[in-house]
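Colleague: I'd like to go over a predicted model; first the sequence, then the structure.
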Amino acid sequence: MRKFSYSKKEKIFLTATFFVLAILAYIDFYLVNVQKYVGKQNIWESRRFIAFLVFVFISVLVLVLDRKYKWLTRIKAKSEQVKIPPLIKVLAAGTLICVPAILKWIIPFPETFQISNWVLIFLFYAFSLGCDWIFNRQNTSYPRLMRIAFYILLCGSVNLIVSKLEFVTNYPFTLYWSEGNRFFDYSTLFGSFRYLTPGGRKINAFTTWAMQLPWAVPFALPHLSIGVFRLWNQLLWILPSIILGFITFRHFQADRGKRLLPFAFALWAFLFFDQGPIYAPLLLAGIFIVAGLRFRLIPALVCVILASYYAYEARWTWSFAPGLWAGLISLLAIEEPSFKKRKIKELVRPVLIGLAGLFGGRALPLIIRQFESNFLNADIKTISSTLIGIGNSVIPDVVTAASHHPLLWDRLLPNSTYPPGILLGVIWATLPIVILLVLLFIKKIWKPTWMQLLAILIVSAGFLVVGLTISTKIGGGSNLHNLDMYLVSLMIVAAAAANSALSSSKEKFFNHFALTLIFAIAIVVPISYSLRTENNVDIPAEYDVEESLEVIESNLVKSTSAGEVLFIDHRQLLTFDLVSQVPLVDAYEKKMLMEKAMNPDPQYFVNFYNDLKEHRFSLIINEPLNIITRGNESDFAEENNAYVQSVSIPLLCYYESVYTNMNTRVEVLIPREGLPPVDLPCEEY
């Protein structure tokens, strides 16, 4: 086995880490599973406490006896004399890697028992030590610290994947605020045949075709269940991240013999991106450009143009990303680029690719729109003035665009909507990898030129500023998803730097313990974000589910002949045929109402209030209405208050609830026959 100069330091660090994590796990386990339920009872009369003491005693006893009699050392010595088939080792290690996720998400422990985060982290670490022990003789190229970081990465990835698959259920109602209506939006691209639409008109969805596309594909199937679609939905949060990480690493990889490294980097990218999280359309655009850069110049330019156009159509703020990423990747792939005569030709490709991205993401969409509206029947003067206007619009006025929405700058700091605040959140998510990149550069293990370094700084800083600004927009700031372009940019740079650091000629850097430690920390830190989801998905009792469906169905039957039925929320019930189909009213969808409430549109609400006054709808299906205005101590206080004033109060002025189930989050409203409630300011509407 290869020996590293800091093996003693490494052993001390790993041992100390084990005991620190063990103590934290024991304390967390005691607080969550013992003290919380003992209450004022005499603690020595609690069976939970006695069981906890027995567990601690057995754990300590095993460690003491192993220290004295060297059990593991003897087992290891004997195992080295027996040739264990590689498949058995892989199965054993795979089992250990999966155990924490199985304990956390699959085994049906009582509701009063939880695998808390420190316990889970300790299990990751302990079972990673076990995996390293199993493969000890095969892992001689890298220090033990790096090997254990890799196994922790595997444990964290499995845990995150299983936690996402927890959302795969046939439960008919929404699992979170906008889930059901988003499913409806996605279905309208290829599945509009599911709905009864007057005259077969196009259905308006609160999204774009490009954002719909990844989720829309399964809706081409006529009998898609909500459970199957939830599986597809979660796969779109898993697979694009892994694929983009894999192909980006492979793009920079010189030594293709190290086949495990791209897979390890892909899992790291999956965990790193989940810190956003990042929506699939942006990742698919990234996958398309990285795959396209493998071709010669012309096909590569076409791929970048198409990816940039698609990104723009999905969300206009993404329009610059594919071109800048493609140009950055092309520049980083050049060895020591410069303006010297013999090297300047190499810069043509990244420049043209960057310009192709600008054309596809900014100019092409405007040309297509102007062609559709003006060019077909226009004279030369009109066409030329239109082209000038397109040129002026290629670079958008970001300040003006941002000012269209209220900006809540306090969300950059710790707040009730996102407790750490966007600034601290992005520091926690990205600082380890940034520090690692800086150290690799300082130690000259990774050697970007001034030109490459300048490109990295401009692209990353630009996307960081844009992401921070967008995160302050009302309706945002609950996570880091608006930092998506910044996260992908860092991943690209990390792929280039990691390939340089892990190349056969550079592995000597592992002889620096501090650098290896930071490398290991950068690998495992993204796992911490995946621990935000602590509990299983809470599905209401079957009785509540059946009751809510029956109430909705019976009211649909009674109300259809009396007038239109409006699904403000729970449109997935129509999407998956969970209730009887009624003529679809696509207006006044919950997310659209929220958008208009946050960014006031007087004419929109004049129409809405008139429809409510005239009792246009014989039945409204919604979530339980809230008319409480909240202070800054509550999450999404500004959004809640805007919705209460613009939507909830006027709804209750003209409609009344006949059924409310807080467990399934269903409320059924019918036209109010009497006077409006005196405690509501209905005269304003």
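Modeller: Thanks, I have it. Values in this document were obtained by computation on a predicted structure and should not be read as measured data. Residues are numbered from 1 along each chain as shown.

Colleague: where in this protein is pLDDT low?
Modeller: 1-6, 39-41, 65-82, 136-140, 257, 372-404, 504-509, 534 (pLDDT under 70).

Colleague: now the strands for it?
Modeller: 564-567, 617-622, 655-661, 666-671 (DSSP state E).

Colleague: tell me where the longest helix sits in this protein.
Modeller: helix 226-252 (DSSP state H).

Colleague: which secondary structure elements does that helix sit against?
Modeller: Contacts defined by 3 or more CB pairs under 8 Å, 6 or more residues apart in numbering; DSSP states H and E place helix 226-252 against helix 144-165, helix 179-187, helix 209-216, helix 260-274, helix 280-292, helix 321-332, helix 484-502. Bear in mind the C-beta positions are built from the backbone N, C-alpha and C, glycine included.

Colleague: ok, the residue most central in space within the chain to residue 654 distance?
Modeller: Against the mean C-alpha coordinate of the chain, by CA atoms, centre = their mean, the closest residue is residue 277 at 2.0 Å. Distance of residue 277 to residue 654, given as CB to CB, to the nearest Å: 39 Å.

Colleague: then residue 347?
Modeller: Distance, residue 347 to residue 654, by CB to CB: 65 Å.

Colleague: looking at the two, which has the bigger crowd around it?
Modeller: residue 654 (21 against 16; other CB atoms under 10 Å).

Colleague: check contacts around that one.
Modeller: For residue 654, the contacting residues are 612-613, 615, 671-672, 676, 682, by CB atoms under 8 Å, 6 or more residues apart in numbering.

Colleague: correct me, but residue 464 touches residue 483?
Modeller: Yes. Contact status for residue 464 versus residue 483: in contact at 7.2 Å, counting by CB atoms under 8 Å.

Colleague: what do these two both touch?
Modeller: Common contacts of residue 464 and residue 483 (CB under 8 Å, 6+ apart): residue 426.

Colleague: compare these two (neighbour count), which wins?
Modeller: Set residue 464 next to residue 483 and count neighbours by other CB under 10 Å: residue 483 wins out with 26 against 18.

Colleague: quick one, what contacts the spatially closest residue to residue 497 that is not a sequence neighbour?
Modeller: Ranked by CB to CB, 6 or more residues apart in numbering and with sequence neighbours excluded, the top spatial neighbour of residue 497 is residue 446, at 4.3 Å. Residue 446 is in contact with 437, 440, 496-497, 500-501, counting by CB under 8 Å, 6+ apart.

Colleague: before we move on, the earlier item: just checking, which of the contacts of residue 654 belong to helices?
Modeller: Going by DSSP H, the helices hold 612-613 from the contacts of residue 654.

Colleague: report the buried members of the contacts of residue 654.
Modeller: 612, 671-672, 676, 682 (16 or more other CB atoms under 10 Å).

Colleague: contacts made by stretch 410-422 with the rest, please.
Modeller: Residues outside stretch 410-422 that contact it (CB under 8 Å, 6+ apart): 423-425, 428, 468, 471-472, 476-480, 483, 632-637.

Colleague: meant to ask about stretch 175-182, not that
Modeller: For stretch 175-182, contacts defined as CB under 8 Å, 6+ apart pick out 167, 169, 173-174, 206-207, 537, 569-573, 575, 589-591.

Colleague: buried only: go through the residues you listed for me.
Modeller: 167, 173-174, 206-207, 569-573, 575, 589-591.

Colleague: so how far is residue 310 from residue 316?
Modeller: With CB to CB as the criterion, residue 316 and residue 310 are 12 Å apart.

Colleague: of those two, which one has the most company?
Modeller: residue 310 (22 against 15).

Colleague: hmm, the more buried one is touching residue 209, no?
Modeller: No. The criterion here is CB under 8 Å, and residue 310 misses it with residue 209 at 9.8 Å.

Colleague: if we can go back for a sec, export the strands of the chain to JSON lines and tack on distance to residue 90?
Modeller: Output for these, formatted as JSON lines (distance: least, CB to CB, whole Å):
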{"stretch": "strand 564-567", "distance to residue 90": "50"}
{"stretch": "strand 617-622", "distance to residue 90": "51"}
{"stretch": "strand 655-661", "distance to residue 90": "48"}
{"stretch": "strand 666-671", "distance to residue 90": "48"}
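
Colleague: now for these, which one comes closest to residue 57?
Modeller: Closest approach to residue 57 among the strands of the chain (CB to CB): strand 655-661, 47.6 Å.

Colleague: hmm, back to that, what about the buried ones among the contacts of stretch 175-182, which are in helices?
Modeller: Reading helices off these with DSSP H, I get 572-573, 575, 590-591.

Colleague: now do the contacts for residue 14.
Modeller: Residues in contact with residue 14 (CB under 8 Å, 6+ apart) are 129, 144-145, 148.

Colleague: out of those residues, who's nearest residue 246?
Modeller: Taking CB to CB as the measure, residue 246 sits nearest to residue 148 out of the contacts of residue 14, at 22.4 Å.

Colleague: excluding chain neighbours, what is closest to that closest one?
Modeller: Sequence neighbours aside, residue 128 is the residue nearest to residue 148 in space, at 4.8 Å (criterion: CB to CB, 6+ apart).

Colleague: number of nearby residues for the one you found?
Modeller: Neighbourhood size, residue 128 [other CB under 10 Å]: 25.

Colleague: touching, it and residue 156? I think so.
Modeller: No. Taking CB under 8 Å as the definition, residue 128 is not a contact partner of residue 156, at 9.9 Å.

Colleague: the domain parsing of the protein - what is it?
Modeller: Domain assignment of the chain by automatic domain parsing yields the ranges 7-151, 275-396, 398-505, 542-684.

Colleague: so which of the ones you listed is nearest residue 529?
Modeller: The closest of these to residue 529 is domain 275-396. By CB to CB, the value is 4.3 Å.

Colleague: count the neighbours of residue 144 for me.
Modeller: Residue 144 has 20 neighbours, counted by other CB under 10 Å.

Colleague: OK, contacts around it?
Modeller: Counting by CB under 8 Å, 6+ apart, residue 144 makes contact with 7, 10, 14, 132.

Colleague: again, 6 Å this time
Modeller: residue 10 (CB atoms under 6 Å, 6 or more residues apart in numbering).

Colleague: still on that earlier bit, compare the strands of the chain and give me the one nearest residue 358.
Modeller: Evaluated over the strands of the chain, closeness to residue 358 peaks at strand 564-567, with 41.3 Å, by CB to CB.

Colleague: direction included, what does the closest one pair up with?
Modeller: Strand 564-567 pairs in its sheet with strand 617-622 (parallel), by DSSP bridges.

Colleague: format the helices and strands packed on helix 226-252 as TSV; extra columns: distance to residue 299.
Modeller: Converted to TSV, the helices and strands packed on helix 226-252 look like this (distance: least, CB to CB, whole Å):
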stretch	distance to residue 299
helix 144-165	33
helix 179-187	31
helix 209-216	22
helix 260-274	23
helix 280-292	7
helix 321-332	13
helix 484-502	21
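
Colleague: just give me the closest of the contacts of residue 446 to residue 252.
Modeller: The nearest member of the contacts of residue 446 to residue 252, counting by CB to CB, is residue 496 at 4.9 Å.

Colleague: number of nearby residues for the nearest residue to that closest one once chain neighbours are set aside?
Modeller: Nearest non-adjacent residue to residue 496, counting by CB to CB, 6+ apart: residue 332, 4.5 Å away. Using other CB under 10 Å, residue 332 has 24 neighbouring residues.

Colleague: please apply the same query to residue 236.
Modeller: 18.
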